[in-house]
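1. Got a sequence here, can you build the structure:
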Amino acid sequence: MAIHQNDHQARRRFVEWAQNEIAVVPDFHKRILFSDEAHFWLNGYVNKQNCHIWSEANPQVYVETPLHPEKLTVWCALWAGGIIGPYFFKNDEGHNVTVNGDRYRAMITNFFIPEFNNQYVQELWFQKDGATCHTTRATIDLLKDTFADRLISRFGPVNCPPRSCDLTPLDYFLWGYVKSLVYAHKPQTLDHLEDKIHRVIADIRPQMLEKVIENLTSRLDYIRASRGSHMPGIIFKM
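-> Predicted structure coming up:
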């Protein structure tokens, strides 16, 4: 994944903002809902979208994938208090589909917001990456109905720095952890794959999530000290 010229500056701004918030509210980082989706391939091949190799130039890494892969597209939100999800993107006929703006907003409206409201948690922030389907004006407005200005997103009140998987717990922990356990069982059908994803995520203990989120503060320290550089060896193995 090629790093863009302005990435370091955007990352520095975000880290300074986050650390300033933590200085005022020491558990601020524990009050951010980080969200993302990932592909789970039935045959266990690594999806290059979720295997990040940072380089100043395009590293031209080739990842083997089958010609007609079967996969699930899974969404989760994670914070120090728990995980909302998994949510599997499917159409009205129950067939697995990838994400577009309409499907993402339907997930937010029909799944995420009701689940979030059931947890009776106030004043959380919501973070999402800069994928086009996540950042349309209609999507931003929808999320602002629940989170107001507590939104970390491209085109949102607080800018989410691009190409910063080393700052997103789903990328530096959740997806790799879940895939390592799911694929150990070699699921043979999409239903089996979906069931294993549910089970692995349900078994993640709060103590583990607290450590994962606490690790974020060390990452903020490193990135500030390195003036926005990515953490070394950021290769997410599935």
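2. Contact partners for the residue nearest the centre of the chain?
-> For the chain, Asp36 is the residue whose C-alpha lies nearest the centre (C-alpha atoms, centre = their mean; 3.0 Å). Asp36 makes contacts with Trp75, Cys76, Lys128, Asp129, Thr168, Leu170, Asp171, Trp175, as judged by C-beta atoms under 8 Å, 6 or more residues apart in numbering. Every C-beta, even on glycine, is put in place using the N, C-alpha and C of the backbone.
3. can you do 6 Å?
-> Applying C-beta atoms under 6 Å, 6 or more residues apart in numbering, we find Asp36 in contact with Leu170.
4. element containing it, please.
-> Using DSSP states H and E, Asp36 sits within strand 32-41.
5. Show me what the helix or strand immediately after that strand in the chain is packed against.
-> Per DSSP H and E, the first helix or strand lying C-terminal to strand 32-41 is strand 71-79. Packing contacts for strand 71-79, counted by 3 or more C-beta pairs under 6 Å, 6 or more residues apart in numbering; DSSP states H and E, involve strand 32-41, strand 82-88.
6. what angle do the first one and strand 82-88 make?
-> Using axes from the mean of the first three to the mean of the last three C-alpha atoms, to 10 degrees, the direction of strand 32-41 lies 30 degrees away from that of strand 82-88.
7. Just give the strands next to strand 32-41 in its sheet, each with its orientation.
-> Sheet partners assigned to strand 32-41 using DSSP bridges are listed as strand 71-79 (antiparallel), strand 125-127 (parallel).
8. can you tell which of these is closest to Asn100?
-> Smallest distance to Asn100 across the strands paired with strand 32-41 (C-beta to C-beta): 10.7 Å, for strand 71-79.
9. returning to what we had before: need the helices and strands packed on strand 71-79 in JSON lines (columns: mean pLDDT and distance to Lys186).
-> Listed next are these as JSON lines, based on pLDDT from 0 to 100; distance: least, C-beta to C-beta, whole Å:
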{"stretch": "strand 32-41", "mean pLDDT": "94", "distance to Lys186": "12"}
{"stretch": "strand 82-88", "mean pLDDT": "96", "distance to Lys186": "19"}
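10. Quick one: closest of these to Glu21.
-> Closest among the helices and strands packed on strand 71-79, using C-beta to C-beta: strand 32-41, at 9.4 Å.
11. Distance of Asp203 relative to Lys196?
-> 11 Å (C-beta to C-beta, to the nearest Å).
12. Any idea what the residue nearest to the centre of the chain is bridged to?
-> On the basis of DSSP bridges, Asp36 is bridged to Cys76.
13. What ranges does the chain have for its helices?
-> Assigned by DSSP state H, the helices in the chain fall at 7-24, 101-107, 113-118, 137-147, 169, 175-182, 190-202, 206-225.
14. just how off-centre is the second one within its chain?
-> Which is helix 101-107. 16 Å (C-alpha atoms, centre = their mean, to the nearest Å).
15. buried ones in it?
-> Within helix 101-107, the residues that qualify as buried by neighbour count (16 or more other C-beta atoms under 10 Å) are Arg103, Tyr104, Arg105, Met107.
16. That one packs against which elements?
-> Short answer (3+ C-beta pairs under 6 Å, 6+ apart): helix 101-107 packs on no helix or strand.
17. contact partners of it?
-> With contact meaning C-beta under 6 Å, 6+ apart, helix 101-107 is reached by Tyr87, Phe89, Cys133, Thr136, Thr139, Leu142.
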